[in-house]
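# Quick one: sequence and predicted model below, then my questions.
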Amino acid sequence: MTGGCTACKTAAGLRPCWCPEAMDQAIETLVCVDIESNGPVAGMHSMLAFAAVAFTLDGDILAEFSRNLYPIDGMGEHPATMDWWRTQTAAWAALQRDRVPPEAAMRDFEAWLRGLPGEPVLVSHPASFDYAFLHWYSFRFRGGVAFHIAGLDIPSYAMAVLGVPYTRAKRRHWPAHLNNVASQHSHLPLDDARGHAMALCNLARLRDERLGQTHTDKEK
């Protein structure tokens, strides 16, 4: 949300405005998130780590955040997930370093989000998984969310831009040039969040080329 001008202030705070002084302010900041967990279900299993990359669709990275977490006491582990982790020894070892309690991680994440310009909008691949964990953890440990109440699902965006079914809209099915990003998919959250963010930027550029227009994150 923009800061607005004096005339746009209300008793409840600020509302979006279209005044000249607010025209150059960001209305939102895209925040690509990636989480790793010991199971597939938020509320039943624990996050092992998560990362967030604030970025623009021009490909500029504004800020980054990453934490490794201790599992929540009493939460279970999913056997199939843990079998898969045993095949990812390097990533698993990295996720065991510098762990913090989940309440500390969510407190720091909330403060980081509040320092971004505009309203934070979470982006992920797929949003139904990563968003669900962060949403649950935010309410469990902070009593609410500091980001937009819904997340942008990258495969859904790809479905529209590429004109393919959703089951063919994940990154592994994209043309190679759209997946040409510097950050490898390592199953370390910060690497993966960077890669997904830049892949989305490639997809947005393709959309702009096809439509002959450009995106904007500014108020109009």
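Cool, got the structure. The structure displayed is predicted, hence computed values, not measured ones.

# For the longest helix along the chain, which helices and strands make contact with it?
Of all the segments assigned as helix in the chain under DSSP state H, the longest by residue count is helix 189-211. Contacts defined by 3 or more C-beta pairs under 8 Å, 6 or more residues apart in numbering; DSSP states H and E place helix 189-211 against strand 28-37, strand 47-55, strand 61-69, strand 119-124, helix 154-162. In short, each C-beta sits where N, CA and C put it, glycine included.

# Dump the host helix or strand of residue 93 to CSV, restricted to CA.
Take DSSP states H and E as the rule and residue 93 turns out to sit in helix 89-95. Extracted in CSV, the C-alpha atoms of helix 89-95 (Å, rounded to 0.1, in the frame of the first residue of the first chain):
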residue,chain,number,x,y,z
THR,A,89,23.0,-35.5,2.2
ALA,A,90,24.7,-32.2,1.4
ALA,A,91,21.5,-30.2,1.6
TRP,A,92,20.4,-32.0,4.7
ALA,A,93,23.7,-31.2,6.4
ALA,A,94,23.4,-27.5,5.5
LEU,A,95,20.0,-27.3,7.0
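
# Other residues contacting that helix?
Here helix 89-95 makes contact (C-beta atoms under 8 Å, 6 or more residues apart in numbering) with 36, 48-49, 68, 85-86, 186-188.

# Return the member of those nearest to residue 205.
The nearest member of the contacts of helix 89-95 to residue 205, counting by C-beta to C-beta, is residue 186 at 24.4 Å.

# what's residue 185 sitting at in phi/psi?
Per-residue torsions, residue 185: phi -90, psi 100 (degrees, to the nearest 10).

# Equivalent analysis for residue 81, please.
Dihedral pair for residue 81: phi -60, psi -40, per degrees, to the nearest 10.

# That one and residue 160, how far apart?
As judged by C-beta to C-beta, to the nearest Å, residue 81 and residue 160 stand 31 Å apart.

# Also residue 120?
In terms of C-beta to C-beta, residue 120 sits 23 Å off from residue 160.
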